[in-house]
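1. coordinates only, no sequence provided:
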């Protein structure tokens, strides 16, 4: 941590980019969190009672722990968009901004008199990113959406089942994946649009439309054209991959799971040697991926018989010595205590003035000469912590409105 | 589809940005696919026998179906980096490029004489993005990694289990999520670095480092600081969310699954009314989220009793009429045939000159005035399809080397 709020770290790529966030919960705020990690000045506009995400998850010293990360590198101001003073301040922020990110339900901004036409009237060069469940048009536009709906309708949740093993509902990915994906795409589209505008005095702003369903659906690989051409509907494959073998997750003697990727010809042979089964590596039925896929169950059973003889850490060490991709399924303790995570500062200790010392994840992109701690300029601020700084210093208000 | 290869569509935000891809499989090529969808000129450099991803999945008319999407809007050239002619062409491409994206194992580019120092010697303003399993430093740098390892070590795979229901291995998300996430972050970081350089004659290039493990780990919400502060290790919750209720996936009379998000106070009351159980909505034990979480099993059971009386489509219609977030778990047929996907052209028919007409997903970001089909300028090209165009027209070679 190197800066104080409002002072960008020289050297971050988006230093100087001005972004206003009208976001709540995850998708919009995650987009601006990424832009803020990259150096942008992000002003998070919250209602007087705050983004409800501040009420999620555990608290420490009375402050929400997740928000230390989710709100980091942002300025927090409070505005009542229902009041004329609030809307006037909002217009002032928009006038000086390069981009605005919002994730209200479609139509809300228009209803309160802050639709894109109004915003572009104030600032014709503004890049406006709108994140929503189903997008700004189409028959489902006005339907309510949570992240889980984006996973369900985008095709992801159909794929997490373990067919033939359980009739329990397919699990979540365990995180708010559809919000995260939509936020990442919004951040990318905003940055691209700002690249286009930069240095071009003729350029106009844009309206960007990102939806959770489409963000999830974008990851469906070749499944859509395969369905269209042949009618084949991809079915879930549990912990395996139907078109590559062996790649699976195997139970070890201590009850832990070991993920192994042995699905190339040379790796498969090394794997068979490492588990003391060179005959399997020499079996002509298993000489190529097609043959191994046809006998996936037999190969997986043989690997599983070996993993069940060793604790996961020991089995992992044996395979690593043979240069075979593998990993135990890390839980948060494994991640936090792992020497690689620590050496790369993917896990780092940060001083939060509200919470105290705590662990933050690094930004998911590194730039030469800038360390991960340098990219955490400050932690998620208290609600409205920057009202004075923004309204007086940036907007030039001379008295409380 | 509007353009022919090499002719950018005016209006896309990254029109004019020149990117070279030294990628293979998924993560690097997905980063450049996103940049290409945004309008960048992407030259995909492949070995003479092609990116091995061309061999993945089903084929139609002899051509790989997924690559129609995965390679769209890119130029394909073949180079033998082991030959001096190949390296000379590579230097020529780098000299005129704004950015390069690579996803070899760390150290490979240096070993063939094309490390960042050499590349910056040719073009000091080049933005170089390096995508790898574990990153460019740290003790695991040289370990082999597949996407599944990124999921396992980044903490995601630990969370997809269904505890107490099955002792089967936690399933995959069903797609190459860690590669996709790393590719998205690389695309964002490249675009941000190019924004920084644009119009600044003093600016230098950068080296960006994105790893699959860190990309997955970036989505772990508040789990890391919670572990650090209290030692609590987040455990999998199957299809539920431990901190919100009711939000789950429920079995319907026709064996299909319905995902329902009823986890706000007003939605919960509407949900109880809609399923004919207003008494549950009025039960003071369930008045707030905390109470509902404490009685999650009881509430989920009541909802599940109702869903099992109706086919999924009928139950969905009942809940939609009450403005309750819900969706069947869409498989690829559901996505492809859905009227919303069609109206928004999230699913669209595209003419692939190699394969014939087929379905493509829209780019996951829309810009006002540009339709999704306009963003598919051309489909994934045949191997080396643009050798002449690139080597002769762009690099100015006057004869075959």
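-> That came through, no problem. Remember, predicted model here, so these are calculated numbers, not experimental data.
2. residue furthest from the geometric center of chain A?
-> If you look at how far each residue of chain A sits from its centre, by Cα atoms, centre = their mean, the farthest one is residue A:279, at 43.5 Å.
3. quick one, what contacts that one?
-> Contact partners of residue A:279, counting by Cβ atoms under 8 Å, 6 or more residues apart in numbering or on different chains, are residue A:272. The way it works is simple: take the backbone N, C-alpha and C, and place the C-beta from them, glycine included.
4. report pLDDT for it.
-> Note on residue A:279: pLDDT of 98.
5. can you give me the buried ones in the helix or strand it falls within?
-> Of the helices and strands defined by DSSP states H and E, residue A:279 is found in helix A:278-282. Residues of helix A:278-282 classed as buried: A:280-281 (neighbour count, 16 or more other Cβ atoms under 10 Å in any protein chain shown).
6. with stretch A:257-268 instead?
-> A:257-264, A:267-268.
7. any residue of it touching chain B?
-> Yes. Contact of stretch A:257-268 with chain B (Cβ under 8 Å from any Cβ of the partner chain) involves A:257, A:259, A:261, A:263, A:267.
8. with respect to residue B:243, which of those is nearest?
-> Comparing the residues of stretch A:257-268 next to chain B against residue B:243 with Cβ to Cβ places residue A:257 closest, at 24.5 Å.
9. quick one: end-to-end length of stretch A:57-69, please.
-> 12 Å (Cα to Cα, to the nearest Å).
10. would you indicate which residues of that stretch are buried?
-> Quick answer for stretch A:57-69 (16+ other Cβ under 10 Å): A:57, A:60, A:63-69.
11. got it, and stretch A:379-398?
-> A:379-381, A:383-387, A:390-391, A:394, A:397.
12. after the top helix by length along chain A comes which helix or strand?
-> Longest helix of chain A, by residue count under DSSP state H: helix A:177-197. Next in sequence after helix A:177-197, counting helices and strands by DSSP H and E, comes strand A:206-211.
13. hmm, that next one touching chain B?
-> Yes. Using Cβ under 8 Å from any Cβ, strand A:206-211 reaches chain B at A:206-211.
14. which of these has the largest number of neighbours?
-> Compared across those, residue A:211 has the highest neighbour count, 35 neighbours, by other Cβ atoms under 10 Å in any protein chain shown.
15. which ones are touching the residue of the stretch 201-350 of chain A found nearest chain B?
-> Nearest residue of the stretch 201-350 of chain A to chain B (Cβ to the nearest Cβ) works out as residue A:222 at 2.9 Å. Counting by Cβ under 8 Å, 6+ apart, residue A:222 touches B:56-58, B:64-67, B:69-70.
16. how about the strands of the stretch 251-400 of chain A, start to end?
-> A:257-261, A:326-328, A:347-352, A:356-361, A:366-367 (DSSP state E, counting those that start in this stretch).
17. is there proximity between the third one and chain B?
-> Which is strand A:347-352. Yes. Contact of strand A:347-352 with chain B (Cβ under 8 Å from any Cβ) involves A:347, A:349.
18. that strand pairs with which strands, parallel or anti?
-> strand A:356-361 (antiparallel) (DSSP bridges).
19. what's the partner strand in contact with?
-> A:60-61, A:65, A:68-69, A:72, A:336, A:346-352, A:376, A:379, B:214, B:217-218, B:220, B:224-225, B:227-229.
20. list buried residues within those.
-> Buried, going by 16+ other Cβ under 10 Å: A:60, A:65, A:68-69, A:72, A:336, A:346-348, A:350, A:352, A:376, A:379, B:214, B:217-218, B:220, B:224-225, B:227-229, out of the contacts of strand A:356-361.
21. hang on, residue A:313 packs against residue A:328?
-> Yes. The pair residue A:313 / residue A:328 is scored as a contact, 7.0 Å apart, by Cβ atoms under 8 Å.
22. the more surrounded of the two?
-> With neighbours defined as other Cβ under 10 Å, residue A:313 and residue A:328 compare such that residue A:328 has more, 22 against 12.
23. thought residue A:334 was touching the more buried one, still the case?
-> Yes. Between residue A:328 and residue A:334 a contact is recorded at 6.8 Å, counting by Cβ under 8 Å.
24. rewinding a little: reformat the buried residues of stretch A:379-398 as a markdown table; add distance to residue A:288.
-> Formatted as a markdown table, the buried residues of stretch A:379-398 follow (distance: Cβ to Cβ, whole Å):
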| residue | distance to residue A:288 |
| --- | --- |
| A:379 | 52 |
| A:380 | 51 |
| A:381 | 57 |
| A:383 | 60 |
| A:384 | 63 |
| A:385 | 60 |
| A:386 | 60 |
| A:387 | 65 |
| A:390 | 62 |
| A:391 | 67 |
| A:394 | 63 |
| A:397 | 71 |
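25. what's the closest of these to residue A:146?
-> After measuring those against residue A:146 - Cβ to Cβ - the closest member comes out as residue A:380, at 22.4 Å.
26. follow-up on the earlier one: what do residue A:313 and residue A:328 both touch?
-> Counting by Cβ under 8 Å, 6+ apart, the residues touching both residue A:313 and residue A:328 are residue A:256.
27. residue A:229 is in what secondary structure piece?
-> helix A:223-230.
28. check which helices and strands that helix sits against.
-> Using 3 or more Cβ pairs under 8 Å, 6 or more residues apart in numbering or on different chains; DSSP states H and E as the contact test, the elements touching helix A:223-230 are strand B:59-60, helix B:65-70, helix B:332-337, strand B:356-361.
29. and it, how far from the chain's centre?
-> 28 Å (Cα atoms, centre = their mean, to the nearest Å).
30. just for chain A, where's the confidence low?
-> Counting by pLDDT under 70, chain A contains low-confidence ranges at A:1-10, A:399-401.
31. so which residue is dead centre in it?
-> residue A:180 (3.7 Å).
32. excluding chain neighbours, what is closest to that residue?
-> With Cβ to Cβ, 6 or more residues apart in numbering or on different chains as the criterion, residue A:180 has its nearest non-adjacent residue at 5.2 Å, and that residue is residue B:219.
33. do I have it right that the one you found meets residue B:182?
-> No. Contact status for residue B:219 versus residue B:182: not in contact, 11.8 Å apart, counting by Cβ under 8 Å.
34. looking at the two, which one has more neighbours?
-> residue B:182 (33 against 25).
35. surely the more buried one meets residue B:25?
-> No. Under the contact definition of Cβ under 8 Å, residue B:182 does not touch residue B:25, with a separation of 11.3 Å.
36. how about stretch A:84-96: buried residues?
-> For stretch A:84-96, by 16+ other Cβ under 10 Å, it's A:86-87, A:89-94.
37. tell me the one among those nearest to chain B.
-> The closest of those, once distances to chain B are taken by Cβ to the nearest Cβ, is residue A:94, at 17.1 Å.
38. that closest one belongs to a strand, doesn't it?
-> No. Residue A:94 is assigned helix when assessed by DSSP: H, G, I helix; E, B strand; the rest coil, not a strand.
39. not counting sequence-adjacent ones, nearest residue to the residue in the stretch 1-150 of chain A that chain B sits nearest to?
-> Nearest to chain B, among the residues of the stretch 1-150 of chain A, is residue A:66, at 2.9 Å (Cβ to the nearest Cβ). Excluding the flanking residues, the one nearest residue A:66 by Cβ to Cβ, 6+ apart is residue B:222, at 2.9 Å.
40. may I have the residues that are in contact with the spatially closest residue to residue A:71 that is not a sequence neighbour?
-> Residue nearest to residue A:71 in three dimensions, not counting chain neighbours: residue A:380, with 2.8 Å by Cβ to Cβ, 6+ apart. The neighbours of residue A:380, taking Cβ under 8 Å, 6+ apart as the test, are A:64, A:67-72, A:74, A:352.
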